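Trainee: Below is the structure, and that's it, no one-letter string:
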């Protein structure tokens, strides 16, 4: 949408203008928001407004799979950073998040990782709703997938909106990693989204949302094909600033574009899909959240919910970097193989989440230790960190930046897990399958425990999977119920990673598609649409 056309549209939108009235307003065109808006717009009688703070996705750094790193730090990134963290030697680590149509699915590494069976069983137990259990979620995945790999009618779907296929023509390093895992007794699988995630874990080539050599984001899958429909309005470069209440009912939103404040009315519901940082921020700045936090900023309390902004979680990883014998090509997106594993038998969920990247990726602090010109990285990741953080406010205005206290490595178990995972990856990278391809390990090298702990604190980076800050559940810290309705508020649901009780095992894009689909199921059931 060009800016002149957008200005014309926005000029007509006021609370008194017919074009400012919709049945549903979806705030945020990221993964889950795209699902919600696209599914609701399937009904031609339902008027849907989708509001996105970022711009269009017609950009080579979005559409070309190998260009994804060039989105980091650009205008397509919210450019969040965590507060200075004493557990990371005082570092403020970047917490990148997509800001464009498609959100994270337009800037991420394109991995389709559906989570472990017990992630979904946990969600069902937390919510008290069997619609979140593994069997129910499998039905959703079969409905949404158009899978291009080995057929599996029990676990995989065909004909759905989301094109998913195994990495093609993979680089030798990806196959070598899977062979090395097998040598260590870790089972290997045809794909990482079937039987592998129903047990202890394993290693497999990645499933990717790459179609015809281009990224096929969740926006592209659900919304883009409907852009010409008269019942769907998509506004870009428009920032949702506040929810509008009538008593305890949300009746619309205020938003800002080019410095102009506008109000849009929702006759049925508003759905927040702004992500694990901006969803709690908008809730709190609208008067929904911990009363002490709101009081600090002079925000009148509409609904006291102490869990808003709490329970912040994210996957954390630590780079182990190896040098190639000779330069190697980089495959689609540069990440073609993944390993999930339970370090001990009997664990409820895998505790290891290791991701192979086909170029060196040191943290800024560890780059000075010496990085090979040609090499690859195995990220030793924690699948389920124990550390918890928070989102708080720096002020009451929409222009006031959120404060992200990620508290990475604040729990002692996470530092112990970091050391165990790094040493496991060092052993993996020393296997014979890499002979002739890899010269050897370059970082961190053989270090004693104390020195390796210092390396880990400097190496810790995010997998960009922030979640949990408006969690689903039934305890006093829960923000939404099993139907994703905000407690104590009418006309408002949340559909994004913030509702996760805990981070899923693996990348969060595919689970966010499920969250969007579940929101639509509940909306349709509630309103008969």
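Mentor: Nice, I can see it. As the structure is a computational prediction, the values presented were derived from the model and not from experiment. Numbers count the residues shown, from 1 in each chain.
Trainee: Could you use CA atoms for every contact and neighbour count after this?
Mentor: OK.
Trainee: Which stretches in the stretch 201-350 of the chain count as strands?
Mentor: Assigned by DSSP state E, counting those that start in this stretch, the stretch 201-350 of the chain shows strands spanning 201-205, 207-208, 210-211, 214-215, 232-235, 239-246, 249-257, 260-272, 288-289, 303-304, 316-324, 337-341.
Trainee: Need the contact partners of the last one.
Mentor: So the one you mean is strand 337-341. Strand 337-341 has contacts (Cα atoms under 8 Å, 6 or more residues apart in numbering) with 174-175, 177-178, 186, 192, 200-206, 350-356, 383.
Trainee: What subset of those is buried?
Mentor: In terms of neighbour count (16 or more other Cα atoms under 10 Å), the buried residues within the contacts of strand 337-341 are 174-175, 177-178, 186, 192, 200-206, 350-356, 383.
Trainee: Return the subset of those residues lying in helices.
Mentor: 174-175, 177-178 (DSSP state H).
Trainee: tell me the two of those that are most distant?
Mentor: Among these, the pair separated by the greatest distance (Cα to Cα) is 174 and 178, at 6.6 Å.
Trainee: Identify the contacts common to those two.
Mentor: 205, 337.
Trainee: ok, now how distant is residue 25 from residue 117?
Mentor: Distance, residue 25 to residue 117, by Cα to Cα, to the nearest Å: 32 Å.
Trainee: let me fix that: residue 34
Mentor: 25 Å.
Trainee: residues in contact with residue 370?
Mentor: 442-443.
Trainee: Averaged pLDDT, stretch 337-353. What do you get?
Mentor: Average pLDDT, stretch 337-353: 96.
Trainee: And stretch 149-163, by the same measure?
Mentor: Here the average pLDDT along stretch 149-163 is 96.
Trainee: distance between the ends of that stretch?
Mentor: 11 Å.
Trainee: now what about that stretch, what contacts it?
Mentor: By Cα under 8 Å, 6+ apart, stretch 149-163 touches 138, 141-148, 165-166, 190, 194, 209-211, 216, 218, 221-222.
Trainee: Give me the domain ranges for this protein.
Mentor: 21-55+96-164+213-311+466-529, 69-95+165-212+312-462 (automatic domain parsing).
Trainee: wait, which of those is closest to residue 63?
Mentor: domain 21-55+96-164+213-311+466-529 (5.0 Å).
Trainee: Run a quick check on residue 53 versus residue 30, I expect a contact.
Mentor: No: counting by Cα atoms under 8 Å, residue 53 stays clear of residue 30, with 10.2 Å between them.
Trainee: Need the overlap of contacts for those two.
Mentor: Joint contacts of residue 53 and residue 30 (Cα under 8 Å, 6+ apart) are residue 100.
Trainee: Give me the more crowded residue out of those two.
Mentor: Each of residue 53 and residue 30 has its neighbours counted (other Cα atoms under 10 Å); residue 30 has more, 31 against 23.
Trainee: Who are the contact partners of that one?
Mentor: Neighbours of residue 30 in contact, by Cα under 8 Å, 6+ apart: 98, 100-105, 218-219, 273-275.
Trainee: Out of those residues, who's the most crowded?
Mentor: Going by other Cα under 10 Å, residue 101 tops the contacts of residue 30 with 35 neighbours.
Trainee: my guess is that residue meets residue 58, correct?
Mentor: No: between residue 101 and residue 58 there is no contact under Cα under 8 Å: 9.2 Å.
Trainee: Give me the common contacts of these two.
Mentor: Common neighbours of residue 101 and residue 58 (Cα under 8 Å, 6+ apart) do not exist.
Trainee: how much space between the closest residue to residue 507 other than its chain neighbours and residue 30?
Mentor: Excluding the flanking residues, the one nearest residue 507 by Cα to Cα, 6 or more residues apart in numbering is residue 113, at 5.4 Å. As for residue 113, its distance to residue 30 is 17 Å (criterion: Cα to Cα).
Trainee: next one: residue 37
Mentor: 10 Å.
Trainee: ok, now residue 372?
Mentor: From residue 372 to residue 30 the distance is 36 Å (Cα to Cα).
Trainee: what's the answer for residue 455, then?
Mentor: In terms of Cα to Cα, residue 455 sits 34 Å off from residue 30.
Trainee: Could you find the closest non-adjacent residue to residue 261?
Mentor: residue 255 is the one closest to residue 261 (Cα to Cα, 6+ apart), at 5.7 Å.
Trainee: give the contact list for that neighbour.
Mentor: 238-242, 261-264.
Trainee: could you pull out the helices for the chain?
Mentor: 3-12, 31-40, 60-63, 117-127, 134-144, 172-183, 218-222, 275-285, 291-296, 412-429, 449-459, 509-527.
Trainee: Mind giving me the packing neighbours of the last one?
Mentor: Pointing back at helix 509-527 there. helix 31-40, helix 134-144 (3 or more Cα pairs under 8 Å, 6 or more residues apart in numbering; DSSP states H and E).
Trainee: Just want the angle from it to helix 134-144.
Mentor: Counting by axes from the mean of the first three to the mean of the last three Cα atoms, to 10 degrees, helix 509-527 lies at 100 degrees to helix 134-144.
Trainee: which residues are contacting helix 509-527?
Mentor: Applying Cα under 8 Å, 6+ apart, the set of residues contacting helix 509-527 is 31-36, 39-40, 104-105, 111-115, 137, 140-141, 218, 483-484, 493, 495-497, 504, 529.
Trainee: Quick check: buried residues in that helix?
Mentor: Those would be 509-523, for helix 509-527 by 16+ other Cα under 10 Å.
Trainee: repeat for stretch 179-193
Mentor: For stretch 179-193, by 16+ other Cα under 10 Å, it's 179-181, 186-189, 191-193.
Trainee: Quick check: the farthest pair among those?
Mentor: Among the buried residues of stretch 179-193, 180 and 193 lie farthest apart (Cα to Cα), at 20.2 Å.
Trainee: which non-adjacent residue is nearest residue 136?
Mentor: Residue 136 sits nearest to residue 130 (Cα to Cα, 6+ apart), 7.4 Å away.
Trainee: Quick one: residues contacting the nearest residue to residue 457 once chain neighbours are set aside.
Mentor: Excluding the flanking residues, the one nearest residue 457 by Cα to Cα, 6+ apart is residue 88, at 4.5 Å. By Cα under 8 Å, 6+ apart, the residues touching residue 88 are 408-409, 457-458, 460.
Trainee: Weed out the non-buried ones from the contacts of residue 255.
Mentor: Of the contacts of residue 255, these count as buried by 16+ other Cα under 10 Å: 238-242, 262-264.
Trainee: Okay, now the unreliable bits of this protein?
Mentor: 1-19 (pLDDT under 70).
Trainee: buried subset of the contacts of helix 509-527?
Mentor: Using 16+ other Cα under 10 Å, the buried ones in the contacts of helix 509-527 are 31-36, 39-40, 104-105, 111-115, 137, 140-141, 218, 483-484, 493, 495-497, 504.
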